[in-house]
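S.K.: Sequence below, structure please.
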Amino acid sequence: MMVWFDEQPDAVFDMWQSTGPHSNLRREDYADPQTCRRCHKKNYDAWFEHPHRKMNLLASEDSVVGDFSGEREINYRGGTATFDRSDQGHSMTLARDGQSRVYSVEETIGSRFFQYYVGHLVQGPEAPEHPMYHVDFVLPFGYWIDQKQWVPVVHVSEEVADDLRDDPFDVASSAVDGKDYYSYHRHCANCHSTFALGDLLLKAFPRLGKYSPHSLHFSMPGYVADAHPQLWPTGKRSFDLTEDELAGIMSAVGDLQASEHGVSMGISCGACHLGLKEHAEGRMKKPPFFPNSPHLHIEYADEKKKENISFGRTPRTLNSICARCHTGKRPEYGAGMSTWNSIEFSDALKSPCFTKATCVDCHEPHAPIGKVWKKTAAQDDASCMKCHPRFASKKARQAHTHHPLDSAGSRCMNCHMPRLNEGLQAMVRTHLIFTPTNPDMIESNEPNACNMCHADKPIDWTLDHLSEWYDAEFNDKSIDFSYKPREQPVAIGWLNHHREAVRLVGADSLVRSGATWALKDLAGALDDDFMVNRQFARIGIEKLTGRSLGATGYRFYMTRDERKAPLVRVRDELLKVQSSATRPGPVGRR
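M.R.: Here you go, the predicted model:
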């Protein structure tokens with residue numbers, strides 16, 4: 001996509017396809033979700049319960065889930081955070097070494113597993129001009145809903161080992177956005193709330209342009225003067241303005257807040273369907289699914305493509321809607337898939353399957369998923385069979401998977417979309433559809449689907465089966481280098497991997513396979529350098545043993561020194577469970 005800061009030359013208009021004069025990009029083009037309910041009650045009622053709707057809301061008695069009674073606190077890094085409610089609203093107070101700071105709570109993020117909070121500093125030792133008094137950002141503690149406890153937030157920026165994590169009780173005197181805090185409205189709200197798409201084309205044009213089904217040209221001067229006349233200098237044309245003035249206008253658009261200038265807080269109908277006011281008012285029977293505006297044009301390499309333009313629900317247009325938010329950059333495994341969630345489309349796009357598939361082939365966009373995936377394994381398999389009917393029969397499936405029909409090993413997603421992605425409180429499926437024989441994963445000792453189920457088996461057991469079943473070949477020198485000792489269970493090796501994402505999958509694989517024989521090894525994951533890994537290890541161990549670790553005094557967010565004594569008690573508890581479990585012996589090469 002090209003954003004034009006100058007007026008578009010007349011000579012190029014004949015080469016482009018106009019998307020106007022109809023407009024569905026400005027805030028004034030959008031309809032309130034309540035108007036959609038009149039004709040689409042079923043979809044509206046499902047959306048109303050969807051986490052998308054509650055992705056970002058103004059803080060109120062109705063929207064706040066966390067315990068702000070003043071009776072709950074969290075002790076972290078030698079400081080204490082408390083959470084209160086008053087006539088002025090909700091607040092978060094951080095105190096350490098006789099110094100305290102009070103933060104207002106202005107907005108909420110999420111409501112399914114955790115709820116995070118957006119606000120700013122209202123009282124503290126910093127000078128009045130300090131930016132954290134004037135900019136809303138994600139506050140340092142969130143509420144873990146299932147556990148009913150306050151915990152440090154994660155993934156607001158790059159997740160790092162404990163000794164590199166920001167200390168929320170230590171505020172830089174000259175705090176910088178993007179380093180010491182992250183302006184929520186500039187960095188986060190574009191996806192957590194619903195803005196007019198024209199605003200997003202300026203706020204996030206690199207990402208939106210990258211995944212558009214067509215090559216776009218968008219006039220910044222034309223759109224801003226039309227949609228936000230208060231931001232455009234009266235009587236001025238673009239060539240009258242300096243670069244600094246144009247940059248200032250772009251910055252002002254970037255700072256627009258959803259509560260004042262968005263279509264809605266949270267994700268509502270217009271986030272996918274665009275501006276539908278004319279349709280809602282009965283003036284347009286079949287609205288376009290593609291963005292339309294006199295300020296937006298499409299460029300084509302040849303006339304044939306220009307003639308075949310479609311503004312309807314084509315696969316590429318449908319996918320581009322999800323791509324507006326479910327894309328980005330994350331750390332990657334060797335095969336290219338992300339290690340943690342929210343960029344599912346970026347991963348899916350790397351899959352050969354996704355040349356024809358769409359997100360809505362598997363996901364119902366209006367219905368909430370819930371705490372766990374609702375479809376059965378058979379229903380998931382049926383989604384794959386739409387494009388792979390040759391594996392539909394029992395005989396063909398068994399020949400392909402070498403597992404009994406309806407067993408875990410016969411399920412398409414267990415092998416081709418294993419749980420490699422760190423979710424909010426559980427490992428979830430990668431959206432990069434790939435094969436279990438991928439050499440980039442296996443040769444580097446990164447998670448493979450076989451050992452995620454057969455966690456007790458060594459790598460040579462896996463290689464023998466992949467060779468026998470699929471004629472797969474691997475570099476033996478790479479295998480020998482990556483797996484040491486080579487005869488140990490692969491999942492145990494993952495627990496000790498140099499990459500934290502692999503360690504996370506290792507712990508999850510052992511838990512899912514019921515490996516009580518590995519409890520002593522899993523206890524080591526409770527002392528991982530990465531806080532998220534310790535959190536997931538605690539969840540997994542409690543699930544595997546049926547015992548809560550709370551009585552031991554262990555908290556996953558403790559410092560290393562604080563964890564020492566509780567971990568002694570944890571290991572004593574786990575040894576009682578492990579004593580009756582048999583650890584697998586070494587398996588030699590065939």
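S.K.: Straight-line length of stretch 168-175, end to end?
M.R.: For stretch 168-175, the first-to-last residue distance is 12 Å (Cα to Cα, to the nearest Å).
S.K.: ok, and what's touching the lengthiest helix in the chain?
M.R.: Among the segments of the chain that qualify as a helix by DSSP state H, the longest is helix 560-578. Contact with helix 560-578 is made by 162, 516-517, 519-520, 522-523, 526-527, 541, 545, 547, 549, 552-555, 558, as judged by Cβ atoms under 8 Å, 6 or more residues apart in numbering. Any C-beta I mention is one placed from the backbone N, CA and C, and that applies to glycine too.
S.K.: Can you dump the C-alpha atoms of it in PDB for me?
M.R.: C-alpha atoms of helix 560-578 as PDB (Å, rounded to 0.1, in the frame of the first residue of the first chain):
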ATOM      1  CA  ARG A 560      15.200 -16.800  42.600                       C
ATOM      2  CA  ASP A 561      16.200 -16.300  46.200                       C
ATOM      3  CA  GLU A 562      12.600 -16.200  47.300                       C
ATOM      4  CA  ARG A 563      11.900 -19.500  45.500                       C
ATOM      5  CA  LYS A 564      14.600 -21.600  47.200                       C
ATOM      6  CA  ALA A 565      12.800 -22.600  50.300                       C
ATOM      7  CA  PRO A 566       9.300 -23.200  48.700                       C
ATOM      8  CA  LEU A 567      11.000 -25.300  46.000                       C
ATOM      9  CA  VAL A 568      12.500 -27.600  48.700                       C
ATOM     10  CA  ARG A 569       8.900 -28.200  49.900                       C
ATOM     11  CA  VAL A 570       7.600 -28.600  46.400                       C
ATOM     12  CA  ARG A 571      10.200 -31.300  45.600                       C
ATOM     13  CA  ASP A 572       9.300 -33.200  48.800                       C
ATOM     14  CA  GLU A 573       5.600 -33.200  47.700                       C
ATOM     15  CA  LEU A 574       6.400 -34.300  44.200                       C
ATOM     16  CA  LEU A 575       8.600 -37.100  45.300                       C
ATOM     17  CA  LYS A 576       5.700 -38.600  47.100                       C
ATOM     18  CA  VAL A 577       3.800 -38.800  43.800                       C
ATOM     19  CA  GLN A 578       6.700 -39.900  41.700                       C
END
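S.K.: pLDDT of that helix, averaged?
M.R.: In this model, helix 560-578 has a mean pLDDT of 90.
S.K.: roughly how far out does it sit from the chain middle?
M.R.: 32 Å (Cα atoms, centre = their mean, to the nearest Å).
S.K.: Over to stretch 349-358?
M.R.: 19 Å.
S.K.: pLDDT averaged over it - what is it?
M.R.: For stretch 349-358, mean pLDDT rounds to 88.
S.K.: ok, now stretch 20-31?
M.R.: 94.
S.K.: May I see the buried residues of it?
M.R.: Applying a neighbour-count criterion of 16 or more other Cβ atoms under 10 Å, one finds His22, Ser23, Asn24, Leu25, Arg26, Arg27, Asp29, Tyr30, Ala31 buried in stretch 20-31.
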